[in-house]
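In: return atomic coordinates for the entry below.
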Amino acid sequence: MGTTFRVVVFHHSERKAQAAAEKAFEKINHLNSIFSNYFLESEAMNISTSPKKVSTDLWHLLQISKGLHNHSNGKFDVTIGPISKIWRRAIRRGEEPSHSEIAKARYLVNFKYLKMDKEPMTVSFEIENMLFDFGGIAKGYAVDEAYKVLMDNGIYYALVDGGGDIYAGNHPKDGWNIKLQNIDSTLTLNNQAVASSGSLYQSIQIDNLNHSHIINPKNGVGIKNSETINITGPSCTIADALATIISISATSNILKEEYSEYKKL
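Out: Numbering: from 1, shown residues only. Here you go, the predicted structure:
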């Protein structure tokens, strides 16, 4: 998924802790083979206009993504792949994408063009050349799933960090101290997630404005001069997605909403 994962555990048995951590990393690697768009053979990269039976993890995350898409009025859209591919190349080359490139890619981005059939659990696109990008949610999901693996293997004090997206579970004493990115602030968390979103490491300067790798699906443009957003939430999956949504919204109004709707996802 283009990042580094870290697992921290407390347990009286080093052998048991090591075995559980290895299983957690196995789960992360498995999810990478499903969601990564850096890996051309991943399951997500091989969805087409022909219905394809998908894994439980892909189906489950698509269901969550659909709910987030609806709650955010389309600001969160995992079909953003054709546009994010253009901006990733632009950032790598330091060249502004053309308006025609963006316009062409925007036509391919819309969750409503995704067909999901629950009974055989198949997924397909209605339009050729559509592409997934789970960059705004897959890391958080992998963090949550890795933590579940640790719990299932008898590790009750643990933290999982996926490139700054963190689930801080039970702590043997007073909680996990988390230093927030880019600001002089520390959170103390127990059984809570925190996720960050911003253009600190991935951006391109156009007309004296930094355009982030975080893209607004509505106009196909990387958001401008994005500050780092830090979000706490009931799960890393939801916190990861909300950080992206709020970055795109350029407003903190969504912070006033209750988490109840998101807890249902």
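
In: number of residues surrounding Arg92?
Out: Close neighbours of Arg92, defined as other Cβ atoms under 10 Å, add up to 10. Placement of C-beta: from N, CA and C, glycine included.

In: that one in helix, strand or coil?
Out: helix (DSSP: H, G, I helix; E, B strand; the rest coil).

In: that one and Lys85, how far apart?
Out: Computed as Cβ to Cβ, to the nearest Å, the Arg92 to Lys85 distance reads 11 Å.

In: ok, now Leu40?
Out: From Leu40 to Lys85 the distance is 12 Å (Cβ to Cβ).

In: now swap in Arg93 and tell me
Out: Distance from Arg93 to Lys85, by Cβ to Cβ: 13 Å.

In: not counting its neighbours along the chain, what's nearest the residue nearest to the spatial centre of the chain?
Out: By Cα atoms, centre = their mean, the mean C-alpha position of the chain lies nearest to Ile137, the distance being 1.9 Å. Closest residue in space to Ile137, ignoring its immediate chain neighbours: Ala241 at 4.7 Å, by Cβ to Cβ, 6 or more residues apart in numbering.

In: ditto for Glu101
Out: Glu101 sits nearest to Ile86 (Cβ to Cβ, 6+ apart), 5.5 Å away.

In: and the helix or strand hosting the one you found, what's buried?
Out: In this assignment (DSSP states H and E), Ile86 forms part of helix 81-93. Under the neighbour-count criterion of 16 or more other Cβ atoms under 10 Å, helix 81-93 has Gly81, Pro82, Ile83, Ser84, Ile86, Trp87, Arg88, Ala90, Ile91 buried.

In: what packs against the following helix or strand past it?
Out: Following helix 81-93 in sequence order, the next helix or strand is helix 99-106 (DSSP H and E). Packing partners of helix 99-106 (3 or more Cβ pairs under 8 Å, 6 or more residues apart in numbering; DSSP states H and E): helix 81-93.

In: where does the protein dip in pLDDT?
Out: Within the chain, the stretches with pLDDT under 70 are 181-183, 198-213, 222-227, 250-265.

In: tell me where it has helices.
Out: Here the chain has its helices, by DSSP state H, at 14-35, 56-71, 81-93, 99-106, 138-152, 236-249, 260-263.
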